[in-house]
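>>> Structure here, sequence nowhere to be found:
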């Protein structure tokens, strides 16, 4: 098994599908796994340190494991079959080790949150290198689509708060000047959605 770390996320130029990019610490070996949009968002949220008001699915899973008295020790990407990657969670529950089947994207999202190793089988690395896959470049975090979506959602929450203030000001009979001030603070495109 080879210890890997997340090099970043990218998008397939043809399909626009997210790609999870893993590399060894020396940067000599890479593994690119095409993943789903939601899993990419879960990884991106962590990588971009986007604050969320409530626990997301991977946060919930990790806290559930811990609350049940278990410990997530590591995640292993163990095989690839017909272009599909398979991973396992390495879980210790009171001295009893269990391996739980999961998607690599979910395993990586959990590993990042738990601060545990991501291991990839030598066979997986050899199989993917034999295919001669060209490595995409990691996305610039500022241009990362998942991070932009989260920031947009946070801006939307702020817009809703601003909209409520506008409504409250109107209910109190405040003059048009205070309404205009609030509208100026809103996102430019929001004014036209009201």
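Looks like it arrived, so ask away. In this text the structure is predicted, and so the values were computed from the model without any measurement.
>>> use CA for all of it now, contacts and neighbours both
Fine.
>>> show me where this structure has strands.
2-11, 18-23, 30-34, 70-81, 84-93, 96-102, 118-120 (DSSP state E).
>>> Mean pLDDT and mean neighbour count for the ones you listed - can I get that in a markdown table?
As requested, the strands of the chain are arranged in a markdown table below (pLDDT from 0 to 100; neighbours: other CA atoms under 10 Å):
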| stretch | mean pLDDT | mean neighbour count |
| --- | --- | --- |
| strand 2-11 | 90 | 20 |
| strand 18-23 | 91 | 23 |
| strand 30-34 | 91 | 20 |
| strand 70-81 | 92 | 20 |
| strand 84-93 | 93 | 18 |
| strand 96-102 | 94 | 13 |
| strand 118-120 | 94 | 23 |
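>>> Export these as CSV, with columns for distance to residue 54.
Shown next, in CSV, are these (distance: least, CA to CA, whole Å):
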stretch, distance to residue 54
strand 2-11, 24
strand 18-23, 24
strand 30-34, 27
strand 70-81, 21
strand 84-93, 24
strand 96-102, 24
strand 118-120, 26
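>>> and of the ones you listed, who's closest to residue 51?
The closest of those to residue 51 is strand 2-11. By CA to CA, the value is 18.8 Å.
>>> tell me what the closest one is packed against?
strand 18-23, strand 118-120 (3 or more CA pairs under 8 Å, 6 or more residues apart in numbering; DSSP states H and E).
>>> For this structure, which segments count as helices?
37-47, 57-67, 104-114, 122-130, 145-171, 176-185 (DSSP state H).
>>> Lowest mean pLDDT across these, which one is that?
Within these, confidence is poorest for helix 176-185, with a mean of 48 (mean pLDDT).
>>> okay, the helices and strands packed on strand 2-11 in a markdown table with distance to residue 90 next?
Below are these laid out as a markdown table (distance: least, CA to CA, whole Å):
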| stretch | distance to residue 90 |
| --- | --- |
| strand 18-23 | 19 |
| strand 118-120 | 10 |
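>>> closest to residue 107 out of the ones you listed?
Residue 107 lies closest to strand 118-120 among these, at 8.2 Å (CA to CA).
>>> The closest one pairs with which strands, parallel or anti?
Partner strands and pairing direction for strand 118-120 (DSSP bridges) are strand 2-11 (antiparallel), strand 70-81 (parallel).
>>> quick one, what contacts residue 98?
Residues near residue 98 by CA atoms under 8 Å, 6 or more residues apart in numbering: 89, 90, 91, 92.
>>> Go again with 7 Å.
Counting by CA atoms under 7 Å, 6 or more residues apart in numbering, residue 98 touches 90, 91, 92.
>>> Could I get those residues in a markdown table, plus columns for distance to residue 5?
Converted to a markdown table, the contacts of residue 98 look like this (distance: CA to CA, whole Å):
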| residue | distance to residue 5 |
| --- | --- |
| 90 | 17 |
| 91 | 19 |
| 92 | 22 |
